[in-house]
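[1] Quick one: sequence plus predicted model below, questions after.
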Amino acid sequence: MSKQQQDEVPYGTLDLLILKTLESMGKLHGYAIARRIEQVSGDSLQLSQGSIYPALIRLEQEGWISTDWGISETNRKVKFYSLTKAGRKQLLIEVANWEKSTALVARFLEPST
Amino acid sequence: MSVRCALARLFAIAGGRTRLDRELESEVRAHLELAEADALARGLSGEEARREARRKFGGIEQMKEMHRDHRGVPWVETLIRDFRYGLSSLRRAPGFSVIVVAVLALGIGGTVAMFSVVDAVLLRPLPFPDASRIVRIWEAPRPGAVNATTAPQFLTWKRLSADFEAMSAEQPVSATLNDSDGPVRLEGKEVTAAYFQVFRTAAQIGRTFTAMEDQPGSAPAIVLSNAAWQTYFGSDPRILERRVRLDGAPYQVIGVLPPGVFDRDQTEFWKPLVFTSAQLSSGTHWLTVYGRLRARVTLAQARERLQAIYAATLETAPLEERKGAIAMARLAQLLVGASLERSILVAFGAVSLVLLIACANVANLLFAQGATRQTELAVRAALGAGRGRLVAQLLTESLALCILGGIAGVGCAYLLLHLAAPLLVQSLPFTAEVALHPRVLGFAAAIVLAVALLAGMFPALEASLGNLADSLKRSERGSSARHIRVRRAVVIGEVALSLVLVAGALLLAKSLWKLQQLNTGVRIDHVITMSLNLPENAYSIPRKAAYFYDAVAERIRAAPGVANVGIATQVPLRWIVNGEAMLPGGMDKLVHVRFKRVDPGYFRTLDIPLLAGRGITDQDRAGAARVVVINQTLAARLAEVAGMKDPVGKRVRVSSVDYAAQTPMMLDVEIAGIIRSERTAAPGDPDPAVVYVPLAQSPSFHINLLVRTRQEKAAILPAVRDAIRQIDPNVALADVATMRQVQDRALSGASRPAWLIGAFALLAVLLAAIGLYGVASYSATQQRRDIGIRIALGARREDVLAYVLGGALAMTAAGLVFGLLGVLALTRVMRSLLFEVSPLDPLALAMACAALAAIGVAAGFLPAHRASRIDPLATLRDAG
């Protein structure tokens, strides 16, 4: 499956980015989530916007996000995603994990004393 | 991949796949539109905007594929992956898989077959609507006694009791059907009209009896069982238009019952029971009564109210009958006696032990398998598989094995039930339909899961919790000492369980042997028995029947190869149903006796010795002075009750029934002689008091012939048939059996559990032997290096042989100790099944231990022998 993950998003962080986006922005549809991630990264991130959909369905099945139907700006029926309670908890865990691993890597990269 | 695809299709069929696909499609379209709108806003042209949106989105098809991958139910996917992996690893070790599946098939097959018997006999309700409301009603002249009912009593109950929806009386009859192949005897029942309402059974073709059909003057009609309709009338669809001649008289077939429950009963036809005027005033107890309780009437209420009715009728009855009571019990309870229930439960317990042993064997094999896979598991763990995942994977593999074993086991069970069908029909109540019902299959599925958990859990835990890093280092050289200890414990358990079964089987065998050795009081060898019925309308006067018996006995005696012929109303070793009273003095001194009519040849044919006086002779015929011969037990009873020290030549009165009209009467008779008691009760029970009446002085329609031959029996049957045909071509022979078979049938209550548990014990020993062999050879292989070194250091081959064999024997010995404890724990259960054998019989237990020790030696010998042949150089070089 990893062969399809050709984007520049750091491996395994897409979930974290989506959860964080939903936490700060509330209910969003797929395109808005993708745009928001690109904007926050200052458009420096090469995200295949399509790749968020597989991630969304997975997060939904884990029970971390929920969906309901709404109308897009172009007057089309689309799914809106929002964070669930379990999702909030998961976000905390992912953030903690991320901080732990970056701290670990950072220690390796510090000039040894 | 195929499993996944199948599942994917399944999801698609359920509608989920296509819906999710459609939803995704519309989401993507909306996404592209939004992106395009943004791009247009940034000033791009229409075509450029569309291309830009597409580019930023990335590969749509790839994304859809991933989307599909992600939305499967995760644990199902994992399970399927493990299952597939499990199946492929089973394919990698086909020998191992076949052994495990075979062991499981035996264990599960036996258990499922036995459970279907438990289900049919003990769990499932009877196959009649509202069956719990069907009761049998009888008179109990003394507490615990069972007496049939008189016609006046039955009619009174029926008229006065308001607690029953329907009540019917019945008595067995048989009739001769003149088929194209000669006369055949059909067994039937005479029943009052409400019979089929009691059982709430409707006809498949035609109808059952109407209320008027048991009244005098109604046209003669019969209902056929489905089996009889098929066997004798070729399933003729126009059977209702046919007239059938039974005993020479024409009957209209008014209905055929549906197949099933009534086919397992012996009854082939039913005809209305029309009371004659003599029967209506007779005090003879001859009817069996069944009733269907009204809804919301309890058994106790119905019994109490019927008791009141009964007590009122008794005010005019003879003094000795007035103490009588009404007894009532549900049909279900009467059909399954305590001894049958006990036998079935014990057999089910035994087969469960076999299943446990099979389980242990599979666990052991999985241990061995797990040991060889330590490295693989270690690598998986190193690559990040959690312990939970490893356990789940191993469990799924054993589940795959168990499911295969379960399928094979259900096949086994089907085969077993098919083979045992004739035996089952004989030994189970007719209401029990033994088959692989959905509930039985559910039970099989539950067993498969339980076995998978039980047999798979420990090896899985062991394999995954063992120090994986260690096993990586040690590579495939072997596993821990703890590992082999667990396997030894499992084998010890197997031996212990096997000992319980073997000891049980030997105890039952010894008990059966004791029963067979019991003196039956009659000569068994070279005696054939058969029954025949005289058509009542052709033999309406007693003298004709007497002539018939004389002629038959004379002709058969003249046939070549025949040593002797006797005639009796009951075969030896069978219970005598007719209960009568003997009055040695006044009415107050009464002895209950069993009543058997015999011809002069009976005692001689069966070598029953005379103890005093004379036997029955040709001179004791109609018109001559009435005599009887009594058995030893009755002589003793007479001495006790009436102080009659020397009964020969004394006159007594015996109640009896006359030939045609079933009116009771008292006979004044002289006791002519005393014979040694022949056995008529179940083996082990005391012999009842029996009075033997000359058949010529009180003939009967139903008799049994007993023919003693000089050589083997086979040749004699055609001669007997010929003799009877020459005298009356309308009389059919039935129930042909040797006395040996009669005896076997009398002992079947004891012999069936013995055979069944014997078979289970054999299976258990086989499984335990496989387990012992497996562990002994495994540990010998593990110790190749040690053994090689020992040999190199000068150990002799015999020492090595003794060393390895000693290991196997030590396991066996430990198993025997635990097994004996198990036998001790089951003493109480066994005692109820044994006759004159202690449940701790030292001989049987010693034999069981010896047998298992021998198995232990046999299973250990091959690995020991192989170990003693180890080439020390080769093993040391390998290890180096």
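    Perfect, I can see it now. Numbering: from 1, shown residues only, chains lettered A, B, ... in the order given.
[2] Quick check: closest non-adjacent residue to B:Leu747.
    Excluding the flanking residues, the one nearest B:Leu747 by CB to CB, 6 or more residues apart in numbering or on different chains is B:Leu515, at 5.5 Å. To be clear about C-beta, it is placed using only N, CA and C from the backbone, and glycine gets the same treatment.
[3] which SSE is that neighbour in?
    Under the criterion of DSSP states H and E, B:Leu515 resides in helix B:481-517.
[4] pretty sure B:Asp618 is touching B:Pro600, no?
    Yes. Judged on CB atoms under 8 Å, B:Asp618 makes contact with B:Pro600 at a distance of 5.4 Å.
[5] so what pLDDT did B:Arg42 get?
    Per-residue pLDDT puts B:Arg42 at 85.
[6] Excluding chain neighbours, what is closest to B:Gly493?
    Spatial nearest neighbour of B:Gly493, chain neighbours left out: B:Ala360 (5.7 Å); criterion: CB to CB, 6+ apart.
[7] in which helix or strand would I find that neighbour?
    Following DSSP H and E, one finds B:Ala360 within helix B:338-372.
[8] other SSEs contacting the next helix-or-strand element following that helix?
    Per DSSP H and E, the first helix or strand lying C-terminal to helix B:338-372 is helix B:374-382. Helix B:374-382 makes packing contacts with helix B:387-427, helix B:438-465, helix B:468-474 when contacts are defined by 3 or more CB pairs under 8 Å, 6 or more residues apart in numbering or on different chains; DSSP states H and E.
[9] So for B:Ala622, which of those sits nearest?
    Nearest to B:Ala622 among the helices and strands packed on helix B:374-382 is helix B:387-427 (39.5 Å), distances taken as CB to CB.
[10] relative to helix B:374-382, how tilted is the closest one?
    Interaxial angle, helix B:387-427 versus helix B:374-382 (axes from the mean of the first three to the mean of the last three CA atoms, to 10 degrees): 130 degrees.
[11] Ranking helices and strands of chain A by mean pLDDT, which lands last?
    Lowest on mean pLDDT, DSSP states H and E among the helices and strands of chain A sits helix A:52-62, with a mean of 85.
[12] how about the residue lying closest to B:Val253 once chain neighbours are set aside, what does it touch?
    Counting by CB to CB, 6+ apart, B:Ile239 is the residue found nearest to B:Val253 once chain neighbours are left out, at 5.2 Å. Counting by CB atoms under 8 Å, 6 or more residues apart in numbering or on different chains, B:Ile239 makes contact with B:205-206, B:224, B:229, B:233, B:253, B:256.
[13] mind checking how far A:Ser51 is from A:Gly30?
    Separation of A:Ser51 from A:Gly30 (CB to CB, to the nearest Å): 11 Å.
[14] picking up where we left off before, could the contacts of B:Ile239 go into TSV alongside secondary structure, pLDDT and neighbour count?
    As requested, the contacts of B:Ile239 are exported to TSV (DSSP: H, G, I helix; E, B strand; the rest coil; pLDDT from 0 to 100; neighbours: other CB atoms under 10 Å in any protein chain shown):
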residue	secondary structure	pLDDT	neighbour count
B:Ile205	strand	92	20
B:Gly206	strand	92	16
B:Leu224	strand	94	28
B:Trp229	helix	93	25
B:Phe233	helix	90	18
B:Val253	strand	93	21
B:Val256	strand	94	23
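[15] for those, which one is nearest A:Ile57?
    Looking across the contacts of B:Ile239 and measuring by CB to CB, the closest to A:Ile57 is B:Ile205, at 61.9 Å.
[16] Does the closest one touch B:Pro258 like I think?
    No. Applying CB under 8 Å as the test, B:Ile205 and B:Pro258 come out as separate, 9.1 Å apart.
[17] Looking at chain A, which residue is nearest chain B?
    A:Ser48 (2.8 Å; CB to the nearest CB).
[18] and that residue, what pLDDT?
    pLDDT, A:Ser48: 80.
[19] Just give the nearest non-adjacent residue to it, would you?
    Nearest one to A:Ser48, counting by CB to CB, 6+ apart, is B:Gly58 at 2.8 Å.
[20] Please give the number of neighbouring residues around B:Leu518.
    14 (other CB atoms under 10 Å in any protein chain shown).
[21] tell me the secondary structure for the closest residue to it other than its chain neighbours?
    Distances taken as CB to CB, 6+ apart put B:Pro683 closest to B:Leu518, at 5.6 Å, once the chain neighbours are dropped. With DSSP: H, G, I helix; E, B strand; the rest coil as the basis, B:Pro683 sits in coil.
[22] give me phi/psi at the closest residue to chain A within chain B?
    In chain B, the residue that lies nearest chain A is B:Gly58 (2.8 Å; CB to the nearest CB). According to degrees, to the nearest 10, the main-chain angles of B:Gly58 amount to phi 90, psi -170.
[23] Give the burial count for it, as a bare number.
    When neighbours are defined as other CB under 10 Å, B:Gly58 has 18 of them.
[24] doesn't A:Tyr53 make contact with it?
    No. Taking contacts as CB under 8 Å, B:Gly58 lies outside contact range of A:Tyr53: 10.2 Å.
[25] hmm, the lengthiest helix in chain A in reach of chain B?
    Counting residues, the longest helix in chain A under DSSP state H turns out to be helix A:85-109. No. Shown here: helix A:85-109 not in contact with chain B (CB under 8 Å from any CB of the partner chain), separated by at least 14.9 Å.
[26] Give the other helices and strands that that helix contacts.
    Secondary-structure packing of helix A:85-109 (3+ CB pairs under 8 Å, 6+ apart): helix A:14-25, helix A:52-62.
[27] Please identify the most buried of those.
    The highest average neighbour count among those, using mean count of other CB atoms under 10 Å in any protein chain shown, belongs to helix A:52-62 at a mean of 21.
[28] Measure how buried B:Val593 is and give me the count.
    26.
[29] Could you do B:Leu365 as well?
    23.
[30] got a pLDDT number for it?
    Listed pLDDT for B:Leu365 reads 80.
[31] And B:Arg124, by the same measure?
    87.
[32] Hmm, B:Val629 and B:Ala672 touching each other?
    Yes. If you go by CB under 8 Å, B:Ala672 and B:Val629 touch, sitting 5.8 Å apart.
[33] Quick check: neighbours shared by those two?
    Shared contacts of B:Ala672 and B:Val629 (CB under 8 Å, 6+ apart): B:613, B:615-616.
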